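Novice: Structure of the sequence below:
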Amino acid sequence: MYGATVVGVAIGATRQFGTEWLPFLLVLLAYYLNGTAFLAFSSIAERTGRRRADGRSLSFLGVLAEGTEAIAVHSLWLVIPARAGVIATVWAAVVGVSAAQRIVAGLRHVS
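Specialist: From the prediction side, this is the model:
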C-alpha cells in the first residue's frame, strides 16, 4: 500500500503540478532500505537466538518513522498535492534516518 500510494501521488503530482519524480523515487528507495534493515535484523536475531524481549519472530525496533507517521505523510500528499514533492523529499530523509537507526540498533542487539 505504501509503494502504491507513492507511485500514484508521484504520477498525479508530476502531471498536474509539474513536480519532479525524483523525490518519490527517493521515498521508495528509503522504504526499501528501511524494510531490508528490518527484515535482516529479524532474520539474524532468529538465527542467533537473540530475539527481542517480545518474543516475536519479526522484531520492530523503535525508530523515527513508523506506521503512524507514514499515514500522516501519505495523507498530507493527498491534502496538499501541490507540495507533494517537498513533502516527499523531507519524508525520504526521515525514512533514511530511520533505516540508519534500525541498522545501528540491530547491530548493537546482535553484537
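
Novice: Any figure for the gap between residue 22 and residue 93?
Specialist: Between residue 22 and residue 93 the distance, using Cβ to Cβ, to the nearest Å, works out to 13 Å. Quick note: C-beta positions are derived from backbone N, CA and C, even for glycine.

Novice: make that residue 13, sorry
Specialist: For residue 13, the distance to residue 93 - Cβ to Cβ - is 18 Å.

Novice: who's more crowded, the two?
Specialist: Neighbours per residue, other Cβ atoms under 10 Å: of residue 13 and residue 93, the larger number sits with residue 13, 23 against 15.

Novice: Tell me which helix or strand the more buried one sits in.
Specialist: Using DSSP states H and E, residue 13 maps to helix 2-17.

Novice: pLDDT averaged over that helix, what's the number?
Specialist: Here helix 2-17 scores 92 as its mean pLDDT.

Novice: And for stretch 30-42?
Specialist: On average, stretch 30-42 scores 87.

Novice: Can I get that stretch in CSV, CA atoms only?
Specialist: Provided in CSV are the C-alpha atoms of stretch 30-42 (Å, rounded to 0.1, in the frame of the first residue of the first chain):
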residue,chain,number,x,y,z
ALA,A,30,14.2,4.7,1.6
TYR,A,31,11.3,2.4,2.1
TYR,A,32,13.3,-0.4,0.5
LEU,A,33,16.3,0.2,2.7
ASN,A,34,14.2,0.5,5.9
GLY,A,35,12.3,-2.7,5.1
THR,A,36,15.5,-4.5,4.3
ALA,A,37,17.1,-3.4,7.6
PHE,A,38,14.0,-4.5,9.5
LEU,A,39,13.9,-8.0,7.8
ALA,A,40,17.7,-8.5,8.0
PHE,A,41,17.7,-7.8,11.7
SER,A,42,14.7,-10.2,12.3
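
Novice: Much appreciated, bye for now.
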